[in-house]
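Colleague: Requesting a structural model of the entry that follows:
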Amino acid sequence: MIKLSVNINKVATLRNARGGNMPDVLKIAEDCQLFGAEGITVHPRPDERHIRYADVYALRPLITTEFNIEGYPSPQFIDLVCKVKPEQVTLVPDPPDALTSNSGWDITCHVSFLKEVVSEFQAHNIRVSIFVDTILDDIRHAAFTETDRIELYTEPYAIMYPISPEKAIKPFLEAAKIARSIGLGVNAGHDLNSTNLNYFAKQIPWLSEVSIGHALICDALYLGLETTIKKYKTLLV
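Modeller: Here you go, the predicted structure:
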C-alpha cells in the first residue's frame, strides 16, 4: 500500500497571513490522520513563513502515524530533527529564500556531505529520504550515502502529464527501477494532484509514500478535508 502523507505547510501559510491561530495547524494534523492520512509532512524554513519551529515541537506528540520533516540540513535544521525524532527526515537542497523546492540534490557532487548527514540522523533511529531528480547517476550515487529512501521530485511529471502521460512517467519509472534495484525505498512528491496521481501510482506500484500538500489543501477548500483525503487515498489503490 502506498502511504499518503499530507503536507500541512499551506495551512500554516494561511494562519500566518492574519496572525492568531486560525486555521489551527495542530487540529488540521489530527484531523488528517483521523480521516485516513498515514503521515504528516512539514517543511520548516529559516524565515518560518509557514510552518514554524515551534509548530514542529507541538506537532510531535500529536502524530500517531508517521511524522516527516523536510528541509535543508543546516545546523539549525539538524538540531531540530534530532530533538523531535520524526519517523522520517527528507533532505531537500533548497536555499533559505526558495519559494518552494524546485530541484533534487546533485548527489554526485555532495555524496560525502549527505553521507555524513544521513549517518547522524540514522544514529537517532530516523529514516532518511533524499530529494532527487530522475538523473540516474545521482540515484546510483544515493546508495553511497547509505540513505534509506529517495523522494522523486515530480514537478516535471506533473507538467508533462496533460500532454503525454506515457512520456511523463517514463523517466520516473526508470529512476524508480534503478532505486529499487540498489535497495532504496522510493517516495514521491511535488505537484502531484487528483488528476495525475492515480496514473503515477499505477505505473510505480512499489512506491512507499507520496507527500502532497498544495493540491490537496486546495481541493479541500471545495470538497472538505475529509472527502479530499479519502479521494486521494482511493487514487493510490
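Colleague: So residue 128 belongs to a helix, correct?
Modeller: No - Residue 128 is assigned strand when assessed by DSSP: H, G, I helix; E, B strand; the rest coil, not a helix.
Colleague: Now do it: how many residues are near it, please.
Modeller: Other residues near residue 128 number 23, with proximity taken as other C-beta atoms under 10 Å. For glycine as for every other residue, the C-beta is placed from the backbone atoms N, C-alpha and C.
Colleague: so how far is residue 86 from it?
Modeller: 11 Å (C-beta to C-beta, to the nearest Å).
Colleague: which stretch of helix or strand covers the closest residue to residue 153 other than its chain neighbours?
Modeller: Nearest non-adjacent residue to residue 153, counting by C-beta to C-beta, 6 or more residues apart in numbering: residue 104, 4.7 Å away. Using DSSP states H and E, residue 104 is not contained in any helix or strand.
Colleague: phi, psi of residue 104?
Modeller: Reported as degrees, to the nearest 10, the phi and psi values for residue 104 are phi -90, psi 180.
Colleague: residues contacting it?
Modeller: 93, 130, 131, 132, 133, 135, 138, 152, 153 (C-beta atoms under 8 Å, 6 or more residues apart in numbering).
Colleague: rerun that using 6 Å as the cut-off
Modeller: 131, 132, 133, 153 (C-beta atoms under 6 Å, 6 or more residues apart in numbering).
Colleague: Between all of these, which two are separated the most?
Modeller: 131 and 133 (8.7 Å; C-beta to C-beta).
Colleague: The two - which one has more neighbours?
Modeller: Taking other C-beta under 10 Å, residue 131 and residue 133 do not tie; residue 131 has more neighbours (24 against 20).
Colleague: Hmm, residue 150 and that one touching each other?
Modeller: No - look at residue 131 against residue 150 with C-beta atoms under 6 Å: they stay out of range, at 7.7 Å.
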